[in-house]
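**Q** Need the 3D shape of this:
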Amino acid sequence: MSAVSETIVREYFELHGFFVRQQRKYIAPARREEDEVDFFVLNPRATPGEAMPFVLRSGDLAGVARALVVVKGWHTETFSPAVLAHAPEIFRFVQPAAFKQASKLFGSTGPFTKILVVPALPQDAESRQASIDLLRGKGIDAVIPFGTMLSDLIEHIQTNRNYQKSDLLQVMRILKNYDFFAPPQMELFKASPPQKARRTKSAD
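**A** Alright, predicted model coming up:
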């Protein structure tokens, strides 16, 4: 699952014009702190402006010039305060060793945005804010939910194109071609089945 999750993240950043470098393509027997970073990303067309929100959407990426990206593809988990409190390894990538590695790659000038890719934050407003405060307190600058990435990739997939160089995009294209991705806005207003009419007909 980690390989699939990382592929989603890579495709997403490349879609938005980033240069993406993967930290490693092998699994280390014993991971060191600097190995906790999954991707280094560079935006050659960055236009930093106003302060970015903590929970990033695709429109916010223009303000990201350089970033350390860590992917946590725990797709059955919500990043609640309880989960975060029992997973200290999440925060290893904000240690000095990770910055040292990034400086070797990008040079020493300019800050790095520390981005954590998460499955989801809590829906409850109080729990959501508590998770955001905890993550910020640990030195993380921003998070991107997987849902944001997937919906953006699906939106940009064109069914009349052959994505033979990307298995992920090709699968998405096939699913989209066969209408397995329903537009969210249409689902909201989808009419409920006329159960009363069916019961009346059965009674007849």
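
**Q** Could you use CA atoms for every contact and neighbour count after this?
**A** Noted.

**Q** contact partners of stretch 143-154?
**A** The contact list for stretch 143-154, computed with C-alpha atoms under 8 Å, 6 or more residues apart in numbering, reads 8-9, 11-12, 15, 54-58, 115-121, 169, 172-173, 176, 181.

**Q** Stretch 39-47 now?
**A** Contacts of stretch 39-47 (C-alpha under 8 Å, 6+ apart): 13, 17-23, 62-70, 102.

**Q** Mind doing that once more with 6 Å?
**A** Stretch 39-47 has contacts (C-alpha atoms under 6 Å, 6 or more residues apart in numbering) with 18-23, 62-63, 65-69.

**Q** Now which of the residues you listed would you call buried?
**A** Buried residues within these, counting neighbours by 16 or more other C-alpha atoms under 10 Å: 18, 19, 20, 23, 62, 63, 65, 66, 67, 68, 69.

**Q** Going by distance to residue 94, which of those residues wins?
**A** Taking C-alpha to C-alpha as the measure, residue 94 sits nearest to residue 68 out of those, at 8.9 Å.

**Q** Ramachandran angles for the closest one?
**A** Dihedral pair for residue 68: phi -100, psi 130, per degrees, to the nearest 10.

**Q** on that earlier part again, just send the contacts of stretch 39-47 back as TSV, with distance to residue 134, secondary structure and pLDDT too.
**A** Listed next are these as TSV, based on distance: C-alpha to C-alpha, whole Å; DSSP: H, G, I helix; E, B strand; the rest coil; pLDDT from 0 to 100:
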residue	distance to residue 134	secondary structure	pLDDT
18	28	coil	97
19	30	strand	95
20	28	strand	95
21	28	strand	90
22	27	strand	85
23	26	coil	70
62	25	helix	94
63	23	helix	94
65	24	coil	93
66	23	strand	91
67	20	strand	92
68	19	strand	90
69	18	strand	92
